[in-house]
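Chemist: next one to model:
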Amino acid sequence: MIEPVTFGDDGVALLDQRLLPHEEAWARLETPEAVADAIRDMVVRGAPAIGIAAGFGMALAARAARELGETAFRERIDAAAATLTAARPTAVNLAWAVGRVRDAVHRALEDGASVPEAATRAEREAVAIKDEDVAANRAMGRHGSMLVPDGARVLTHCNAGALATGGYGTALGVIRAAVEEGKQVSVLADETRPWLQGSRLTAWELQKDGIPVTVIADNMAGSLLARGEVDLVVVGADRIARNGDVANKIGTYPLAVLARRHGVPFYVAAPLSTFDPACFSGDEIPIEERAAEEVTHLAGVRLVPEGVSARHPAFDVTPSAFVTAIVTEAGIVRAPFASGIARLLGLETEPEAAVAGSGPALEEDENGAESADTAAVLAAAGDDGEESPAPEERTAGDGEELFR
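Modeler: Numbers count the residues shown, from 1 in each chain. Coordinates of the predicted model:
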């Protein structure tokens, strides 16, 4: 299994994803500042993997400060937390993992632990975050594999595989699990400009696993969907709001709209750590703006005329109206998403209207039909109003909880 992030006595090791597929090289980091730089510079990417790396960065801070007094130790931990959290703003897993390790340290001290004991607790907590992520990926794969029919042609965007997680993957984990069940599956991978995570990383992973993969330019997806050459779309996520709006790699939103237009199910696979209970809609999700040079240049070569500017919002938000279902380690969530997500996260269930987001959630009337508001939005997007086909779901008796 590919493990892009490891931790040991010599620090944090990251598989440098900027160099793939041509070179497999590891960056070895010894300070939280170095980990933050690696996250910012895309040495490691993918929301769960970023969180795991940041958790290990916190463990490095604790390890380096274990001989200090308690006050100085707390200050070092809090400073490392601030540095790591600021590295990238959109992926909620980063702040979640940093907060989890920081809180574990403070709780240990409040319970009477010595500074060295609290530092050891930080390392254990960081390792647990990675171990839990891998277990969550595999559970997610088991749940999501039922959505993948034998012979499926699956379209994915960016890289939501082992490289983006502690191992196994979210969206690619669903595909891997289906293949492990004996299903014949082939994958279409969007190249995913401007960092080319699909053509460089997803294709590399799937080729290693022997899963048939074909790379397409991002602007080819609509044509292939229209020609009936895609059976389902599955992507990962960097943050999911309480109403089901999904932030993911830029280019995901138009893919969801196209899938809906052509009656193709659009699935999101993400662990519970990607849900942000403090974020009620996609309007509240911060979108990282990266350097224009990442668009104007490729491999150090300028692609556009001198003096021409470029934009690079690294993520977009897909309104929940265009999401068929969200696959998690706890089960599958379908519309109405706000109530299903609230139950999934153990939050108080609120009316759907209270968490209406950047797009209307798919709400059903007593006959199961889409609401007039949703139908109007889909019509404006060019949808013919037909519901996307929904595969049969397993029941709770099959060992999984389904949240609605």
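Chemist: which helix is the longest one in this structure?
Modeler: helix 115-144 (DSSP state H).
Chemist: for the stretch 151-300 of the chain, just list every one of the strands.
Modeler: Secondary structure of the stretch 151-300 of the chain (DSSP state E, counting those that start in this stretch): strands located at 153-156, 186-190, 213-216, 232-235, 239-240, 246-249, 266-269, 297-298.
Chemist: now the first one - C-alpha only, PDB.
Modeler: Looking back up the chat, that one is strand 153-156. Below are the C-alpha coordinates for strand 153-156, written out as PDB (Å, rounded to 0.1, in the frame of the first residue of the first chain):
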ATOM      1  CA  ARG A 153     -16.600   3.200 -16.500                       C
ATOM      2  CA  VAL A 154     -15.800   5.600 -13.700                       C
ATOM      3  CA  LEU A 155     -14.800   9.300 -14.100                       C
ATOM      4  CA  THR A 156     -12.700  10.900 -11.400                       C
END
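Chemist: for that strand, packing partners?
Modeler: helix 171-180, strand 186-190, helix 221-226, strand 232-235 (3 or more Cβ pairs under 8 Å, 6 or more residues apart in numbering; DSSP states H and E). For every residue, glycine as well, the C-beta is placed using N, CA and C.
Chemist: what is the first one packed up against?
Modeler: Taking 3+ Cβ pairs under 8 Å, 6+ apart as the contact definition, the neighbouring helices and strands of helix 171-180 are helix 115-144, strand 153-156, helix 203-209, strand 232-235, strand 266-269.
Chemist: one more time with 7 Å
Modeler: Applying 3 or more Cβ pairs under 7 Å, 6 or more residues apart in numbering; DSSP states H and E, one finds that helix 171-180 makes contact with helix 115-144, strand 232-235, strand 266-269.
Chemist: would TSV of those with distance to residue 180 and mean neighbour count be doable?
Modeler: Shown next, in TSV, are the helices and strands packed on helix 171-180 (distance: least, Cβ to Cβ, whole Å; neighbours: other Cβ atoms under 10 Å):
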stretch	distance to residue 180	mean neighbour count
helix 115-144	8	21
strand 232-235	16	26
strand 266-269	15	26
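Chemist: for residue 179, find the nearest of those.
Modeler: Nearest to residue 179 among those is helix 115-144; the distance by Cβ to Cβ comes to 9.8 Å.
Chemist: average pLDDT across that closest one?
Modeler: Mean pLDDT, helix 115-144: 97.
Chemist: can you give me the angle that helix makes with helix 171-180?
Modeler: 50 degrees (axes from the mean of the first three to the mean of the last three Cα atoms, to 10 degrees).
Chemist: before we move on, the earlier item: can I get the helices and strands packed on helix 171-180 in JSON lines including distance to residue 325?
Modeler: Formatted as JSON lines, these follow (distance: least, Cβ to Cβ, whole Å):
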{"stretch": "helix 115-144", "distance to residue 325": "9"}
{"stretch": "strand 232-235", "distance to residue 325": "10"}
{"stretch": "strand 266-269", "distance to residue 325": "6"}
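Chemist: between those, which gets nearest to residue 151?
Modeler: The nearest among the helices and strands packed on helix 171-180, by Cβ to Cβ, is strand 232-235 at 11.5 Å.
Chemist: sorry, back to before: nearest to residue 226, out of the helices and strands packed on helix 171-180?
Modeler: Comparison of those against residue 226 by Cβ to Cβ identifies strand 232-235 as nearest, at 13.6 Å.
Chemist: for the closest one, which strands pair with it and how are they oriented?
Modeler: Neighbouring strands of strand 232-235 in its sheet, by DSSP bridges, are strand 153-156 (parallel), strand 266-269 (parallel).
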